[in-house]
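Engineer: sequence below, structure please.
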Amino acid sequence: MLKVGIIGYGGRVSSMAKGIGQFGVPYRVVAVCDPREKEILAKDDGFLSDARFFEDAETMLAEAELDGVMIGTRCYMHTPMALLVAKDPLPLFLEKPVAISFEQVAALDRAYADYPEPVVVSFPLRLTRHVQTVKEMIEADVIGTVEQVVATNDVPYGDVYFYDWYRNWDEVGGLFLQKATHDLDYVGYLLGEAPKQLCAMTARGVYGGDKPHDLRCVDCEEWETCPESPFSLFYQRFRGDRVDTNSERMCLYSRDIRNEDLSNLIVEYEGGAQLSYTQNVFARFSAARRGARLYGYKGTIDFDWYENVIRLYRHQSPEVETITYTGEMPHFGGDRELLWDFIRAMRDGTPSRSPIEAGIQSALTCLWARESAEQRRYCDVVMPSA
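Structural biologist: This is a model prediction of the structure:
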């Protein structure tokens, strides 16, 4: 029986913890560190019946007998909690981003330099069949050396980064770290190279504004005219079966919101390949896109998760090969692979396919992208000195 401890019982990690059960491997959550014990247990369906709650993570790690730990706190606490785990190593499932500042990523890099246990960083996209298939094509030299990548992330649910707690910059560090961390990870994985230099731009072209930061939609006089109000979500976008008059949605046009709603990034990798990445969080419905186009001399590969397709264009003949996927799974099947890695890490000590090194590299690249956008300059992707 695998015994799991959870630090920060948020929506994402609680869902993943329950998902472990799909593999039929005996396990139970025996320890939880979260200050919302009463609130969590009031909503629990019996899943946490064997769990002991702790007020602080250090005590939980010292007193609970665990086979593995999952960290699902808010983003700014990922590094501090991971540093606690590093003192007495256990197999670890760590949510992304692994760090939200240069100080954090450097501390994490030092603490996990010789970490003896597997770490599964929550990067599901690299483990989807889409990316795994493209990786096989690249390694089989189907398109030749990848010289250029154009990646896109048009997020249809991007309003969450402006009306929910994600709007708090000090907790999330901006949307490169929230969203692009996944895309930079899978691109680096496909190329098999580390980023060398980059430049970036961001803007807040739609959201943010002059409304009070603590204004809730339900308290706003523009309830029926604002395109982002719960009324408009129901009436114009057909979301839900009635207007949510109890919505906790905060005003997307509030002061003090620092998150960008569009961004562009250019990266040069160590082997010379170039990436152009575009992110947009106000696209909606079928405008959603997430995927990439990879160019080699022999051919081009194009894939998109929302379309659920891979296309191979051969440059030496007028052929197009198409692979179409069916079915729907969380994160396009990547979550299932992450959980299988975590189970094997706890049970067998099997190395992770989304290791801590990948999490650190992606967070570091995102931080330099944020720095580049703020300073309007090219930046080398290097670990900051202590």
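
Engineer: contacts only, for the residue nearest to D88 when sequence neighbours are not counted.
Structural biologist: Counting by Cβ to Cβ, 6 or more residues apart in numbering, D88 lies nearest to L61, which is 6.2 Å off, once chain neighbours are set aside. Heads up, the C-betas are built off the backbone N, CA and C, glycines and all. Contacts here follow Cβ atoms under 8 Å, 6 or more residues apart in numbering; on that basis L61 touches G5, V69, L84, V85, K87, D88, L90.

Engineer: tell me the two of these that are most distant?
Structural biologist: G5 and K87 (14.3 Å; Cβ to Cβ).

Engineer: between these two, who's got more neighbours?
Structural biologist: Counted by other Cβ atoms under 10 Å, G5 and K87 do not tie: G5 has more neighbours, with 26 against 10.

Engineer: could you look up the SS state of that one?
Structural biologist: Using DSSP: H, G, I helix; E, B strand; the rest coil, the structure places G5 in strand.

Engineer: do the same with the one 10 residues further on
Structural biologist: Look at S15: counting by three-state DSSP, its state is helix.

Engineer: A358 too?
Structural biologist: State at A358, reduced to three classes by three-state DSSP: helix.

Engineer: quick check: pLDDT value at it.
Structural biologist: For A358, the model assigns a pLDDT of 98.

Engineer: go on, E328?
Structural biologist: pLDDT for E328: 80.

Engineer: now do A386
Structural biologist: 56.

Engineer: now swap in D241 and tell me
Structural biologist: Residue-level pLDDT assigned to D241 equals 95.

Engineer: let's verify it: helix, strand, or coil?
Structural biologist: coil.

Engineer: quick check: the gap between it and D159.
Structural biologist: Between D241 and D159 the computed distance is 20 Å (Cβ to Cβ, to the nearest Å).

Engineer: these two: which has the busier surroundings?
Structural biologist: For the pair D241 and D159, the greater number of neighbours falls to D159 (20 against 6), based on other Cβ under 10 Å.

Engineer: what sits against that one?
Structural biologist: Per Cβ under 8 Å, 6+ apart, neighbours of D159: Y207, E228, L252, V281, F282.

Engineer: what do you get for A369?
Structural biologist: Contact partners of A369, counting by Cβ under 8 Å, 6+ apart, are F176, A180, L198, A200, S263, L265, C379.

Engineer: buried subset of those?
Structural biologist: F176, A180, L198, A200, S263, L265, C379 (16 or more other Cβ atoms under 10 Å).

Engineer: so which of those residues are in helices?
Structural biologist: Within the buried ones among the contacts of A369, no residue falls in helices by DSSP state H.
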